[in-house]
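Asker: Give me the fold of what follows.
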Amino acid sequence: GNLGLVVDGPSGGKGGPVYVRRLHQFSPLQGQVQLGDTIVAIDDEDVRRLSPVDVGKLLSRNGARSQRKISIVRERLAARHPDKASGSPPQRHCCLCKQNSIH
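Answerer: Numbering: from 1, shown residues only. Have a look, this model is predicted:
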């Protein structure tokens, strides 16, 4: 199923933190995932060292599951701008996506 999610990562196709680059208008993940969120696991499988291509493949596989679990880390705005840093750690979120609701 199509999650309507485009991911990206470090240049050169190497493994590293993969993040949400674009979220399509009709994505079932609207309101759960934000641009810039780092994807750290898919269905409890650690993806922090995988390339964006490999993460995309994991996201698009259907399998026998009726829903997917995507674990993300969301940095607060201050964490991205050191001059506004508050010392707050990044937030970790999980979202579940039912396959039968995916366009």
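Asker: okay, and the helix or strand of this protein with the least pLDDT?
Answerer: The helix or strand of the chain with the poorest confidence is helix 77-80; it has a mean of 46 (mean pLDDT, DSSP states H and E).
Asker: For the helix ranked longest in the chain, buried residues please.
Answerer: In the chain, taking DSSP state H as the definition, the longest helix is helix 52-60. Neighbour counts using 16 or more other C-beta atoms under 10 Å place P52, D54, V55, G56, L58, L59 of helix 52-60 among the buried residues. Bear in mind the C-beta positions are built from the backbone N, C-alpha and C, glycine included.
Asker: ditto for stretch 5-23
Answerer: Those would be L5, V7, G9, G16, P17, V18, Y19, V20, L23, for stretch 5-23 by 16+ other C-beta under 10 Å.
Asker: Which of those fall within strands?
Answerer: If you go by DSSP state E, the buried residues of stretch 5-23 have L5, V7, V18, Y19, V20, L23 in strands.
Asker: On the pLDDT front, check the third one for me.
Answerer: The confidence metric pLDDT takes the value 92 at V18.
Asker: again with the second one
Answerer: The pLDDT attached to V7 in the predicted structure is 91.
Asker: Nearest spatial neighbour of I42, chain-adjacent residues omitted?
Answerer: In space, and not counting its chain neighbours, I42 is closest to L58: 4.7 Å by C-beta to C-beta, 6 or more residues apart in numbering.
Asker: likewise L50?
Answerer: G15 (5.3 Å).
Asker: correct me, but that neighbour touches V55?
Answerer: No - contact criterion C-beta atoms under 8 Å: G15 and V55 do not qualify, at 9.3 Å.
Asker: what's the overlap in contacts for those two?
Answerer: Taking C-beta atoms under 8 Å, 6 or more residues apart in numbering as the contact rule, G15 and V55 both touch G9.
Asker: angle of the longest helix of the chain against strand 18-23?
Answerer: Helix 52-60 and strand 18-23 are oriented at 70 degrees to each other (axes from the mean of the first three to the mean of the last three C-alpha atoms, to 10 degrees).
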